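got a sequence here, can you build the structure:
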Amino acid sequence: MAIPSATSTASTDSTSDGADLRQAIALRNPATAALLAWLIPGLGHIYQGRPAKGVMFSVCILSIFIFGLVLGQGRVVYAAWGPQENRWHFLSQVGVGLPAAPAVIQWQRVRAGKKPLFGDSRFMAPPSYNADGSNELHLLHKNLNRYFELGSVYTMIAGLLNMLVIYDAWAGPAFALRRKQPDADSEQDAPSAGKGS
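Next comes the predicted model:
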């Protein structure tokens, strides 16, 4: 698979005298742009000198992520890998990069037997499991009702959308190439098909 070069070129429409016009877009380092786009949505585009696109991506994706987080009262984004639960949702949610990082920190603390950060709110902390088999996840579903699932879906969508943004930062913009139109003079001079001499 070919890695995109640091500069992407795109052909645009021909000028009146028939000479091709080429426009070069400096994308800088595609790998760095992709990494920055993952860390904070839109940051890779700002790094590439495409600030309008970067700000638009950042506002849209972070708004969706924060809205889902608020719906789920900060408890729908969490990492959990173990015998009690595997939180597969987090694989999508982590697509937003740094905004999902507290979930990893909280999971590491809980796994090490420490108290989660942020006090009793347990923001982005995995649900606790008791020795009698009861767990906090059932209580979260009961208290938040449908908002737990809605919050999870919104945050997952934000992460998946950012995957597309990361690819756009890595591969660069797509251009539609126009077909070259034949000149009107050359069409008149050409012999008509099907006519005899």
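
gap between the residue nearest in space to the middle of the chain and K142?
Taking CA atoms, centre = their mean, the centroid of the chain lies closest to N162, which sits 0.6 Å from it. Separation of N162 from K142 (CB to CB, to the nearest Å): 31 Å. In this view, the C-beta of every residue, glycine as well, is placed from N, C-alpha and C.

so where's this structure shaky on pLDDT?
Low-confidence segments of the chain, defined by pLDDT under 70, span residues 1-26, 131-134, 175-197.

as a check, name the ranges of all helices in it.
Remark: helices of the chain, listed N- to C-terminal, are 30-39, 43-47, 51-71, 89-93, 101-111, 136-144, 146-171, 184-189; assignment by DSSP state H.

angle of the longest one against helix 51-71?
To tie it back to what came earlier, the one meant is helix 146-171. Interaxial angle, helix 146-171 versus helix 51-71 (axes from the mean of the first three to the mean of the last three CA atoms, to 10 degrees): 160 degrees.

got it, and the fifth one?
Using the same axes, to 10 degrees, the direction of helix 101-111 lies 40 degrees away from that of helix 51-71.

need the helices of the chain in a markdown table (columns: distance to L117).
Putting those into a markdown table (distance: least, CB to CB, whole Å) gives the following:
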| stretch | distance to L117 |
| --- | --- |
| helix 30-39 | 20 |
| helix 43-47 | 25 |
| helix 51-71 | 16 |
| helix 89-93 | 17 |
| helix 101-111 | 6 |
| helix 136-144 | 16 |
| helix 146-171 | 19 |
| helix 184-189 | 72 |
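
so which of those helices gets nearest A79?
Set against A79 and scored by CB to CB, the helices of the chain come closest in helix 101-111, at 4.0 Å.

list the buried ones in the closest one?
Judged by neighbour count using 16 or more other CB atoms under 10 Å, the buried positions of helix 101-111 are P102, A103, Q106, W107, V110.

with stretch 50-67 instead?
Neighbour-count burial for stretch 50-67 [16+ other CB under 10 Å]: R50, K53, G54, F57, S58, C60, I61, L62, I64, F65.

what of stretch 114-131?
Across stretch 114-131, burial judged by 16+ other CB under 10 Å covers P116, R122, F123, M124, A125, P126, P127, Y129.

apart from its chain neighbours, what residue comes closest to L43?
Counting by CB to CB, 6 or more residues apart in numbering, the nearest residue to L43 once its immediate chain neighbours are dropped is L36, at 4.2 Å.
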